[in-house]
Structure formats: structure tokens, C-alpha cells
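*Asks:* Give me coordinates for this.
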Amino acid sequence: MWFFIIPVSALTIPLTNIASSSTVEVNASHVPTFYAPYTTLSAEDPLLFGIILPVVAAIFGALHCIAWNFHFPSHIEQLLWRIGSLTITLIPLAPLVIVLITAAFRFLPDFLWNKYDFRLSIPSISLPQCVKTVLDVIVSIVFAIALFLGGSAIVAYMLARLLLLTQAIMLLRKQPESAFYAINWANFLPHI
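*Replies:* Sure, this is the predicted structure:
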């Protein structure tokens with residue numbers, strides 16, 4: 001328990017300071033260490049959380065894919081690097097895919113209606129109470145599955161980041177000979 005409680009309690013005060021430091025006095029001589037200015041973006045902004053953050057996170061993961069064919073001491077380590085880099089590249093794209101699918105289903109009927117005069121006619125029927133209850137149960141089950149998959153994706157992302165960090169340190173133990181060559185930078189950058 002101490003391995004978890006001590007870091008969490010040590011981070012609580014700085015994170016609270018970040019959350020409560022939205023303004024700085026006009027004539028202040030310094031800015032607090034943990035200063036986070038107030039922004040107009042809300043926490044539910046779909047553009048930020050549905051499109052921008054997943055793309056930036058995927059680009060970050062793609063940078064790790066650059067080492068796809070680098071030298072690794074063993075094939076297992078190369079395979080673990082590939083799995084970790086693909087994981088941190090693809091998992092953040094799930095919210096982007098969900099946003100795009102939702103937008104497609106939201107705007108597709110209007111597009112078909114306006115462009116091709118397509119009309120979707122669904123007869124209005126009165127559902128009995130038992131069917132409504134079954135539909136509520138199905139919606140609850142789908143929500144629970146989505147919540148489980150989202151939590152699993154977060155855990156898998158964190159484990160992949162930990163794997164890549166651990167591997168980056170472990171790979172320092174056996175470097176290729178070319179890593180120890182002294183480079184004469186004046187040959188490549190003549191202005192030095």
C-alpha cells in the first residue's frame with residue numbers, strides 16, 4: 001500500500017495547486033510553479049477530447065514506431081517494442097473513430113435526404129412495457145461493456161508506456177559498436 005499511497009499523496013498538493021491557480025495578479029513579480037491559466041475550453045469539448053488529443057497521442061506513439069527496425073539485442077525485445085509502440089499509437093485513435101462514426105450516423109440521413117431525396121420511414125409503434133424494459137437492459141449492458149473496454153484500453157496504454165520506458169533503459173546494456181563512434185560534427189555542420 002505504501003508504494004501507492006505515498007506517491008498519490010505527494011502529487012495531491014501540486015495537482016490541487018494546478019487546479020486552483022487560474023489567475024495571477026496583474027503586478028505579480030512571478031508566476032506560481034504549478035500555474036494553469038483559465039481557458040475557455042470545457043472538459044466536455046468534443047473537438048478537443050474527440051479529435052485533437054487522440055491525433056496528438058497517436059503522433060506521439062508513431063514516433064516510437066520509428067524504431068521498428070532498429071538494432072535490438074534479441075528478437076523478443078524487438079517484438080515487445082513493436083507491440084508497445086503499436087499499442088500507444090492505436091489505442092488513442094479509438095475515441096477519434098467513435099467520434100467519426102457518431103458524426104457519420106448523425107449526418108448521413110440528412111445528407112441522403114437532401115442529395116437523393118431518400119426518406120427513411122419507420123412506422124410509429126407503441127412498444128409494450130416488457131420490450132422497453134428489455135431495451136433498457138440491453139442499453140445498460142452495452143454501456144457496461146463500453147465502460148469495461150475503455151478501462152481496459154487505459155490500462156493497456158499505461159502498461160505499454162511502462163513497457164517502452166523499461167525497454168528504453170534496458171536496451172542501453174548492449175549497444176551496437178556504431179553507438180560508440182566519435183562523430184566529427186564539423187564535417188556535417190560546417191558552421192560549427
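
*Asks:* Just the element for K115, please.
*Replies:* Per DSSP states H and E, K115 falls inside helix 93-116.

*Asks:* List the buried residues in that helix.
*Replies:* By neighbour count on 16 or more other C-beta atoms under 10 Å, the buried set for helix 93-116 is 95-96, 99. The C-beta positions use only the backbone N, C-alpha and C, and glycine is treated the same way.

*Asks:* which one among these gets closest to P176?
*Replies:* Proximity to P176 was ranked across the buried residues of helix 93-116 by C-beta to C-beta; first place goes to L96, at 37.1 Å.

*Asks:* now the closest one: how far from I6?
*Replies:* Remark: distance between L96 and I6 (C-beta to C-beta, to the nearest Å) = 36 Å.

*Asks:* same deal with P92?
*Replies:* 30 Å.

*Asks:* cool, and V55?
*Replies:* 35 Å.

*Asks:* circling back: give me the helices and strands touching whatever helix or strand comes next after the helix holding K115, please.
*Replies:* Sequence-wise, the next helix or strand beyond helix 93-116 is helix 129-170, with elements assigned using DSSP H and E. For helix 129-170, the elements it packs on are helix 75-90, judged by 3 or more C-beta pairs under 8 Å, 6 or more residues apart in numbering; DSSP states H and E.

*Asks:* The helix it packs on vs helix 129-170, what angle?
*Replies:* Regarding helix 75-90 and helix 129-170, their directions subtend 130 degrees when assessed with axes from the mean of the first three to the mean of the last three C-alpha atoms, to 10 degrees.

*Asks:* Buried residues, helix 75-90. List them.
*Replies:* Residues of helix 75-90 classed as buried by neighbour count (16+ other C-beta under 10 Å): 78, 80-82, 84-90.

*Asks:* JSON lines for those residues, including pLDDT and distance to S152?
*Replies:* Written out in JSON lines, the entries for the buried residues of helix 75-90 read as follows (pLDDT from 0 to 100; distance: C-beta to C-beta, whole Å):
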{"residue": "Q78", "pLDDT": "95", "distance to S152": "25"}
{"residue": "L80", "pLDDT": "96", "distance to S152": "19"}
{"residue": "W81", "pLDDT": "96", "distance to S152": "22"}
{"residue": "R82", "pLDDT": "96", "distance to S152": "20"}
{"residue": "G84", "pLDDT": "96", "distance to S152": "16"}
{"residue": "S85", "pLDDT": "96", "distance to S152": "19"}
{"residue": "L86", "pLDDT": "96", "distance to S152": "16"}
{"residue": "T87", "pLDDT": "95", "distance to S152": "12"}
{"residue": "I88", "pLDDT": "95", "distance to S152": "15"}
{"residue": "T89", "pLDDT": "95", "distance to S152": "17"}
{"residue": "L90", "pLDDT": "94", "distance to S152": "14"}
